[in-house]
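J.: build me a model:
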Amino acid sequence: MKTKQFEYKPLAHYSYAIISDGEMAIVDPERDPMQYYQLAKENNASIVAVIETHPHADFVSSHLQIHKETGATIYNSEKLGADYPHKTFDEGDSIKIGNATLKAINTPGHSPDSITIVAEEGSETILFTGDTLFIGDVGRPDLREKAGNMKAKRQELAEMMYDTIQNQFKGLPDDAVVYPAHGAGSLCGKNLSSDNSSTLGDERTGNWAFKAQSKEEFVNTLLDSQPFIPSYFGFDVETNKIGAENLRNALADVPFRLNASAEGLIVDTRKKDEFKKGHLEKSINIQATSKEDTFETWLGSIIEPNEEFHLIIDSPENLTTVLNRVGKIGYEKQLQSVLTLNGQNLTESASLDLQDFKAHPKNYTIIDVRNKSEVNEGKFFDSALSHPLSELRQTAGNIPKDKPVVVHCAGGYRSAAGSSILQKKLEGVTVYDLSDDVKQFQN
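T.: This is a model prediction of the structure:
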């Protein structure tokens, strides 16, 4: 049995391929399936199965496209209530992939319909745990109160997770390899390790969730200080339950315009320095210029599902990449156009006099756009007002307008977006981005 892990860093997402004796199964695939097809070709393998451990909230899966293009059977829990062709895969069910046997165990907690896949061949055991068991943590239980076939309150799901961890992994060997669907940086948990795999034995000894504790203690720890929930999460759960449209067809419908302008809600994906030199008035700067940029998360947090918007890129050569990134979270249908700027009627951002700010911070209203959990760990400025970026479009009206505004985050990426939002919302107020200079104020 050969296992290949694929990583998509901006969403800290892991997907997998399992190959045995000329047959291949794909677990929790991302929106673009071409890398899986290429691996199948390189290994002269037929893709016969695609398995969803649950309907994902943070990305759109290509399970339906893979089914249509390869004939592979889609497997998932009966509890998911999938609206696409599939076979149910729950405790007691098994699939043969070449010489490997794949079994399902029901592991609710992150969602009511979560499963873990137990893959066995010879003496080798591999666990594909989805968003149930992460390296060093378990999946958050608060994403299914408003979305999915089976809705559940966070308290109820947290208690399910306790029972899952206590009971569902019993009987599995300590040397079983644990492959989760996410790593550090994902919003599907709060304390995920940067390690991309582990063993069940190591998790039993090192993961807080396996430590001896009462259900009440476990639930309280799990529910405490979970990160914010981006706007698009429920939308993606529903999209994955139905099955997404073929990515190539969906992206082909998006118009591209060279050297143009636009009106309405505009997202500018260029580097923050280029944005500040000149941008369309009231556009929002969500950078998508490197693989490290968490563009998808913030696009889906700032822009609501089904909210129409335009996208600005710096060069035509980046069109395919940026479109694919929009497609990762299923926002292509609300994308009205992608364009490059014609250089006319552009607005320049105000430049902060850093020395004056250092000398007279009370002359400014300081806005901290970090997440609440970050602010709770410590402020950089005692007078700063907390307005998390994910909520800023809604809370901007509560910000005082009697002073210039300085926006900061922890490193500069989010403050670029935050300051551009406030430039749009706070008419008549000068808004500055502290940007990378925030590091000068960190202890």
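
J.: ranges for the helices of the stretch 201-350 of the chain?
T.: Per DSSP state H, counting those that start in this stretch, the stretch 201-350 of the chain carries helices over the ranges 215-223, 233-242, 247-252, 272-277, 295-302, 319-328.

J.: deepest of the ones you listed, which one?
T.: Each of the helices of the stretch 201-350 of the chain was scored by mean neighbour count; the highest is helix 295-302, a mean of 24, by mean count of other Cβ atoms under 10 Å. For every residue, glycine as well, the C-beta is placed using N, CA and C.

J.: longest helix in the protein, by number of residues?
T.: For the chain, the helix with the greatest residue count under DSSP state H is helix 413-425.

J.: tell me what that helix is packed against?
T.: Applying 3 or more Cβ pairs under 8 Å, 6 or more residues apart in numbering; DSSP states H and E, one finds that helix 413-425 contacts helix 272-277, strand 284-285, helix 295-302, helix 392-395, strand 405-408, strand 431-433.

J.: pLDDT on it, on average?
T.: The pLDDT scores in helix 413-425 average 97.

J.: could you work out the end-to-end span of stretch 50-59 for me?
T.: End-to-end distance of stretch 50-59 (Cα to Cα, to the nearest Å): 16 Å.

J.: begin at 36, not 1, for the rest of this chat.
T.: All set: I'll call the first residue 36, so the last point we hit is now stretch 85-94.

J.: report the mean per-residue pLDDT for it.
T.: On average, stretch 85-94 scores 97.

J.: quickly note the distance from Ile109 to Asp148.
T.: 14 Å (Cβ to Cβ, to the nearest Å).

J.: kindly report the same for Ile321.
T.: Taking Cβ to Cβ, one finds Ile321 at 32 Å from Asp148.

J.: Val466 too?
T.: If you go by Cβ to Cβ, the gap between Val466 and Asp148 works out to 44 Å.

J.: neighbour count: those two, which is higher?
T.: Asp148 (26 against 23; other Cβ atoms under 10 Å).

J.: what helix or strand does that one sit in?
T.: Using DSSP states H and E, Asp148 sits within no helix or strand.

J.: hmm, it is touching Asn111, no?
T.: Yes. Here Asp148 reaches Asn111: they are 7.4 Å apart, a contact under Cβ atoms under 8 Å.

J.: overlap in contacts of these two?
T.: 89-90 (Cβ atoms under 8 Å, 6 or more residues apart in numbering).

J.: quick one: the strands in the stretch 186-335 of the chain?
T.: 212-215, 233-234, 291-295, 301-303, 314-315, 319-320 (DSSP state E, counting those that start in this stretch).

J.: for those strands, which one ends up most surrounded?
T.: strand 319-320 (a mean of 27).

J.: which secondary structure elements does that one contact?
T.: Looks like strand 319-320 contacts strand 301-303, helix 448-460 (3+ Cβ pairs under 8 Å, 6+ apart).

J.: pLDDT weak spots in the stretch 136-285 of the chain?
T.: 181-186 (pLDDT under 70).

J.: and the closest residue to Arg305 other than its chain neighbours, how close does it get to Glu273?
T.: Excluding the flanking residues, the one nearest Arg305 by Cβ to Cβ, 6 or more residues apart in numbering is Asp349, at 4.6 Å. Applying Cβ to Cβ, the value for Asp349 to Glu273 is 33 Å.

J.: circling back: need the helices and strands packed on strand 319-320 in a markdown table (columns: distance to Asn478).
T.: Converted to a markdown table, the helices and strands packed on strand 319-320 look like this (distance: least, Cβ to Cβ, whole Å):
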| stretch | distance to Asn478 |
| --- | --- |
| strand 301-303 | 33 |
| helix 448-460 | 18 |
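
J.: so for Gly174, which of those sits nearest?
T.: helix 448-460 (24.2 Å; Cβ to Cβ).

J.: now the closest one against helix 330-337, angle please.
T.: If you take axes from the mean of the first three to the mean of the last three Cα atoms, to 10 degrees, helix 448-460 sits at 40 degrees to helix 330-337.

J.: quick one: residues in contact with helix 448-460.
T.: Under Cβ under 8 Å, 6+ apart, the answer for helix 448-460 is 303, 307, 310, 314, 317-322, 328-329, 333, 337, 384, 402, 404-405, 422, 424, 427-428, 431-432, 434, 440, 442-444, 464, 466-470, 473.
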